[in-house]
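Undergrad: Below is the sequence, then the predicted model.
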Amino acid sequence: MGMGVEFRNQMAKRAAEEIQNGMVVNLGIGIPSLVPNHLSKEKMVMFHAENGITGMGPSPAKGAEDENLCNAGGFPVTLNSGGSYCDSAVAFGMIRRGRVDITILGSLQVSQYGDLANWIVPGKKVPGMGGAMELAQKAKKVIVVMNHCDKHGVPKIVPSCTLPLTSARCVNLVVTDLAVFKVSEEGLLLTELFAPFSLENVVNKTGCKFKIAETVRHIPY
Amino acid sequence: MENSFGKITTLEAVMEFFHDGLTLMFGGFGGVGSPPTLIEGILEKGIQDLTLIGNDTGFPHIGIGKLVSRGLAKKVIASHIGSNPIAGQLMHDGRLEVEFSPQGILAERIRAGGVGLPAILSDIGMDNEMVSKNKPLMAIDGKNYLVETALTAEVSIVYAKKADVYGNLIYDKSARNTNPLVAMAGDITIAEVEEIVPMGSLEPEEIITPGVFVDYVIPSMGVNWKWAWE
C-alpha cells in the first residue's frame, strides 16, 4: 500500500476509541489488527476469532508459538485470562445472535449508504467470502478502516459500489487516513479530520457527496 | 490397551474407506486442526476425483491443501480458498469446481447434516447472487430466508488431542474449530488423535465429541508440514 506506519497507527488508534469496556470485538487482517496496541489497559475487551476463540491475546514471543492456538488467519496468538474455545458453529452463533459488539475490517470500496465491498479483488481470483458476510451483516457495529484512495489515487468512498457487495447498508463508521465519517440512511457525515488534511483535500479525494458535522474534530498528527 | 469397541485401528486399515470419487469432509481451519497422517495416507494412495467439504483449502503445502494442490479434488465446498493460490488457479482453469458458502453457514450446514436435519434457513448473503443462486426461499413471519441444504459425507476425517477406547474426543485449543461438526456429519468418521487413552481417563464433563459419532480412531504421527508463520 505504501502507506506510512504513522497513518496506519493513527487510523487504528481512532478505531480503538470506539471500543468500550466489556465489548466483544472481531478484528480483520491488516490495519484492524493494530487496534489492540492502542487500547488503554483499563479496558477489558474480549477479542473474538471466527475459528473459535473468545478472549484472544497478543502474538506469543518467537519460539513460544503453539501450532494449535492460531487466529482465523492461521497465525499464532495467545489466550487472555477468561478466554475460551468453541467450535466454528458456536463462534458464528455469537456473530449472528448479535453478541459481537464491533467488527473492524478493511475494505476495497464503501458506498455513501454504507454498502461494503471487500471480498473480490478486481482482476484477481475469487478467494471466497470466508466469514465476512456474517460479520458485516450481523455485528452490532461495523467499522471500516481503509485508505481514502486506492494505490492509483482512485476514491474508495463512492456513490455506489462497482465491486460485488459483501453486504448492503451495513457500515456504521469509516476511518480513513484523511477523515472519519459516520454513515446513516441519509448518507455520509464527516465528523473528523486528520491533520494535516483540509476539508478541500477530502472533498477532492471522495467519490461522492457528504455532509459535514457542525463541529469537526481535528485530530492532530 | 483394551479395544472392546474395535474402534482403535491403524492408518493402513482405514485406507480401505478411501476410493476415487469419494465425498470427503475434513476438519480444520487454515490447516490448523486438519489430520496430517490421514491426509498423507490419501496422498500416498493417490485417491482422485475427491469432493472435499470443509472450511477452506488450507495452504498449498498445509492441511487439505496438499490434496488440492496435487489435483486430487474435482470439487470443493468451502468458504475460502484465498490462502491456497493453486486452488484458485485450478478453479480458474476449470479443473476444480468450487461451491462457496459463507463460513458460519457452511459450519451450520455441516452441523445440520451431522444432527440429522435436512436444511437450515439463513438470511446471510441473500442479496449476493453467489450465495443465493438456485436456492429456494422460505418465508417465516413475512420475512424471506434462504434454504441452505445440510451437508454430509461418505467419510469424515478429524483431528483431536485425545480419544479414549470408545472414541470420545477432546480437542486442543483453536484446533477444535470445525472438527466437532465434521465428526458428526460423516457416514464413517475417522479420528486421528495425538493420544489414545484408556476408558475412564477422560473427564466426562470435558468430552466435546461423544464417541457415538466416531467409528475409528488412529494414532497421529503429527504435523508434517511447515506452518506459514514458521
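TA: Done, it's in. Numbers count the residues shown, from 1 in each chain, chains lettered A, B, ... in the order given.

Undergrad: ranges for the helices of chain A?
TA: Taking DSSP state H, the helices of chain A run over residues A:5-16, A:88-96, A:132-138, A:199-204.

Undergrad: what packs against the first one?
TA: Secondary structure elements in contact with helix A:5-16, counted by 3 or more C-beta pairs under 8 Å, 6 or more residues apart in numbering or on different chains; DSSP states H and E, are strand A:141-145, strand A:173-175, strand A:187-194. Where you see a C-beta, it was placed from the backbone N, CA and C, and this is true even at glycine.

Undergrad: Run through who's touching the last one.
TA: Where contact means C-beta atoms under 8 Å, 6 or more residues apart in numbering or on different chains, the residues beyond strand A:187-194 that reach it are A:7, A:10, A:14, A:112-113, A:157, A:174, A:177-183, A:199, A:202, A:208-213, A:216-219, A:221.

Undergrad: Buried ones in that strand, by neighbour count?
TA: For strand A:187-194, the buried set under the neighbour-count rule, 16 or more other C-beta atoms under 10 Å in any protein chain shown, comprises A:187-188, A:190-194.

Undergrad: Geometric centre of chain B: which residue is closest?
TA: Chain B has residue B:26 as the residue nearest its centroid, 1.9 Å off, counting by C-alpha atoms, centre = their mean.

Undergrad: quick one: contacts for it?
TA: So, once contact is read as C-beta under 8 Å, 6+ apart, residue B:26 ends up touching B:34-35, B:39, B:52-54, B:63-64, B:156-158, B:182.

Undergrad: What ranges in chain B fall below the confidence cut-off?
TA: Of all residues in chain B, none has pLDDT under 70.

Undergrad: looking at it, which residue lies furthest from center?
TA: Most distant from the centre of chain B: residue B:142, at 35.2 Å, with distances by C-alpha atoms, centre = their mean.

Undergrad: residues contacting the nearest residue to residue A:162 once chain neighbours are set aside?
TA: Residue nearest to residue A:162 in three dimensions, not counting chain neighbours: residue A:109, with 7.0 Å by C-beta to C-beta, 6 or more residues apart in numbering or on different chains. Neighbour list for residue A:109: A:115-118, A:156-158, A:161-163 [criterion: C-beta under 8 Å, 6+ apart].

Undergrad: what about residue B:224, neighbour count?
TA: Counted by other C-beta atoms under 10 Å in any protein chain shown, the residues lying close to residue B:224 total 12.

Undergrad: Residue B:104 now?
TA: Burial of residue B:104, expressed as a neighbour count using other C-beta under 10 Å, amounts to 27.

Undergrad: which SSE is it in?
TA: Element membership for residue B:104 (DSSP states H and E) is helix B:103-114.

Undergrad: I'd like the buried residues of strand A:187-194 as TSV, with pLDDT and distance to residue B:114 appended.
TA: Shown next, in TSV, are the buried residues of strand A:187-194 (pLDDT from 0 to 100; distance: C-beta to C-beta, whole Å):
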residue	pLDDT	distance to residue B:114
A:187	97	45
A:188	98	44
A:190	98	49
A:191	98	47
A:192	98	48
A:193	97	52
A:194	96	49
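
Undergrad: now residue B:160, nearest residue through space, not along the chain?
TA: With sequence-adjacent residues excluded and distances taken as C-beta to C-beta, 6+ apart, residue B:160 is closest to residue B:169, at 4.1 Å.

Undergrad: So what pairs up with the one you found in the strands?
TA: Counting by DSSP bridges, residue B:169 forms beta bridges with residue B:163, residue B:209.

Undergrad: quick one: it and residue B:183 touch, right?
TA: Yes. Residue B:169 is in contact with residue B:183 according to C-beta atoms under 8 Å; the separation is 6.8 Å.

Undergrad: Identify, from the contacts of residue A:109, the entry nearest to residue B:225.
TA: Minimum separation from residue B:225 among the contacts of residue A:109 (C-beta to C-beta) is found for residue A:118, which lies at 29.3 Å.

Undergrad: need the contact list for the closest one.
TA: With contacts taken as C-beta under 8 Å, 6+ apart, residue A:118 has the following neighbours: A:105-109, A:132, A:136, A:144, A:166.

Undergrad: how about the nearest residue to residue A:76, chain neighbours excluded?
TA: Spatial nearest neighbour of residue A:76, excluding adjacent residues (C-beta to C-beta, 6+ apart): residue A:65 at 3.8 Å.
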